[in-house]
Each structure stands twice: as C-alpha cells, then as structure tokens.
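Participant: With the sequence up front, the predicted model follows.
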Amino acid sequence: MIKVTNGQIWGGSVDSLTKVLELNLPAKTSFKLVKLIRKVNEILQDIQEAHKKLLEKFGEKDKDGEFIHVLDQQTGKPNENQIQLKKDSVKPFKEEYKQLLEVENEIQGTKVTLDDLGDIEIQPGVLLTLDWLFDDGTDEEITPDNKKEKEVTPA
C-alpha cells in the first residue's frame with residue numbers, strides 16, 4: 001500500500017510520473033508505473049473537482065456569472081490562472097484548501113525500488129516530487145523533524 005497526500009499529487013506528481021514513463025524502463029517496472037499513474041489520475045480528478053467546488057464557493061463572479069481573475073501586477077491584465085476571492089473569504093478558502101491538500105490517500109500497490117528502475121538517469125527534481133513512490137531500501141523516513149546533520153570529523 002502506498003500512501004500519498006492530495007498535496008503531493010497536486011504538487012507536480014503527475015508531470016513527474018509522465019517524465020518517468022518516458023524513460024526506457026524494464027517492462028515490469030513500466031507496467032507497475034502505468035497501473036499507479038491510472039490510480040493517481042483518478043485521485044487527481046477528485047482533487048480537481050473539490051478545488052472547483054472551493055472556487056465556486058469562495059470565488060468572486062461578475063454580473064454575468066463569470067469568475068473575476070486577479071490582475072497581473074506586471075501587465076495589468078487578468079491572470080487566467082488566478083481567481084479573485086470574495087471579500088472576507090481568503091482565510092476560510094485557505095483553511096479548506098489546506099484541509100483538501102492534507103487528505104491522505106492509499107493506493108493499492110508497492111513502491112518502486114531503485115533496482116526496479118535499473119541503470120537509468122532521472123532528474124533529482126522528478127525524484128523529489130515522487131519521493132512517496134520510491135523505496136530507496138532504507139526504512140528511515142526523512143522529515144524536517146528527524147533530519148540528521150552529517151558529522152564532520154577533523155582531518
């Protein structure tokens with residue numbers, strides 16, 4: 001069973017999974033990843049639907065019922081990727097959005113090991129967004145709370 005939060009998926013996992021699938025991987029690993037990406041895409045659709053509902057609830061609309069977009073500070077034109085929130089709704093939107101991103105999902109399957117990948121090169125940024133998917137062979141989970149500093153021994 002693989003555990004992954006909505007925030008991890010929303011934060012670029014799908015793009016990174018696509019990049020990994022473009023690599024020349026062993027057939028068994030490719031099959032495993034294809035099955036996982038299908039599950040992740042299902043979860044992503046649910047996240048997008050919940051996000052859309054949040055925007056419907058908190059987004060500011062014009063008289064025609066269309067969302068009002070935030071103006072880009074450099075160009076002064078509406079930024080199509082940012083919707084203006086209703087007055088006094090920024091805090092409740094952020095709270096509900098945070099709760100949405102913190103939801104933990106369980107995906108049927110096992111993590112991909114370094115052995116599964118074979119001798120390939122993967123960009124560190126891709127691995128970073130997919131840390132929930134890979135098993136490096138250690139049982140220790142590195143978090144900000146338990147991150148260990150390397151001890152330097154004087155020569």
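Facilitator: Now that the structure is in, tell me what you want to look at.
Participant: Now do the strands in the protein.
Facilitator: 2-5, 69-71, 78-83, 104-107, 112-113, 134-135 (DSSP state E).
Participant: Return the set of buried residues in the longest helix along the chain.
Facilitator: In the chain, with assignment by DSSP state H, the single longest helix is helix 27-58. Neighbour counts using 16 or more other Cβ atoms under 10 Å place 29, 32-33, 36-37, 39-40, 43-44, 47, 50-51, 54-55, 58 of helix 27-58 among the buried residues. For glycine as for every other residue, the C-beta is placed from the backbone atoms N, C-alpha and C.
Participant: What is that helix packed up against?
Facilitator: If contacts are counted by 3 or more Cβ pairs under 8 Å, 6 or more residues apart in numbering; DSSP states H and E, helix 27-58 sits against strand 2-5, helix 14-21, helix 90-102, strand 104-107, strand 112-113, helix 114-117.
Participant: by how many degrees do that helix and helix 14-21 diverge?
Facilitator: Per axes from the mean of the first three to the mean of the last three Cα atoms, to 10 degrees, the angle that helix 27-58 makes with helix 14-21 is 170 degrees.
Participant: Please give me every residue in contact with S16.
Facilitator: Contacts for S16 (Cβ atoms under 8 Å, 6 or more residues apart in numbering) come out as G125, V126, T129, L130.
Participant: Next one: it relative to K87, how far apart?
Facilitator: Distance from S16 to K87, counting by Cβ to Cβ, to the nearest Å: 37 Å.
Participant: before we move on, what about I43?
Facilitator: Counting by Cβ to Cβ, the gap from I43 to K87 is 33 Å.
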